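Visitor: Pasted the sequence and its predicted model underneath.
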Amino acid sequence: MKTLFLSLTIVSCFIAQAQNPEPTPTTIDVQFKNLIEESNNFQDYKVIKQAQINELRKNTNEHIQKLNENISSLETSITAKDSRILSLEKELTGANTALSNVKAERNSMNFLGIQTNKAVYNTIVWAIVAVLGFLFVLMTMRFKSSNSTTKAAKQELKSIEEELEDLRHKSIEKVQKLGRELQDERNKLSKLKGEK
């Protein structure tokens, strides 16, 4: 009796299924839930229609196939993106190298044929400016000192020349005076000789 009841139930399910074909559920999980809900109970077991299980198997295989295709396309995409990432990393490395070269060139300059850091260059230039400034001040002070010494020496030379000129005039006057006195004495002597 139970077998007959079970057979009738299965046949009626087939007929109902053939008359009302339901649209295929969208997800495998929903299909499993529907299959379990639509199946009949027999003692502690569920009786599932073979057509439904075959349909579920077909849908599962199709879903797995689609997933495998998605995985394959995703792997291809990942491989392409990995190669793109590698090429971009190479470009980035090249750009970083070029950037560091540009920074090094910006922070350095060619000084006397030698590539020199700007800080070192600035230090050298300011040291040269400081030395030249010191030499300028030193030469200015020496010039002023020499100039004042030269002026004093010129002033002294001028006063000595004036004294020498005075002395020369006095000597000339003295010589002339002595020459006149000598002439006067000669004249007196010749008068005295002429009177004798």
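Guide: Ah, there it is.

Visitor: Could you list every helix and strand in contact with the helix or strand harbouring Ala152?
Guide: When elements are assigned from DSSP states H and E, Ala152 belongs to helix 118-195. Contacts defined by 3 or more C-beta pairs under 8 Å, 6 or more residues apart in numbering; DSSP states H and E place helix 118-195 against strand 108-111. C-beta here means a position set from N, CA and C on the backbone, and glycine is covered the same way.

Visitor: elements contacting the strand it packs on?
Guide: Against strand 108-111 (3+ C-beta pairs under 8 Å, 6+ apart) you get strand 114-117, helix 118-195.

Visitor: CA atoms of stretch 96-109 as CSV?
Guide: This file holds the C-alpha atoms of stretch 96-109, laid out as CSV (Å, rounded to 0.1, in the frame of the first residue of the first chain):
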residue,chain,number,x,y,z
ASN,A,96,62.4,57.9,-9.8
THR,A,97,65.9,57.5,-11.1
ALA,A,98,65.4,60.4,-13.5
LEU,A,99,63.8,62.4,-10.7
SER,A,100,66.7,61.7,-8.3
ASN,A,101,69.2,62.7,-11.1
VAL,A,102,67.2,65.9,-11.7
LYS,A,103,67.3,66.6,-7.9
ALA,A,104,71.0,65.9,-7.8
GLU,A,105,71.6,68.2,-10.8
ARG,A,106,69.3,70.9,-9.3
ASN,A,107,71.2,70.7,-6.0
SER,A,108,74.6,70.8,-7.6
MET,A,109,76.4,72.8,-10.3
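
Visitor: Sounds good, over and out.
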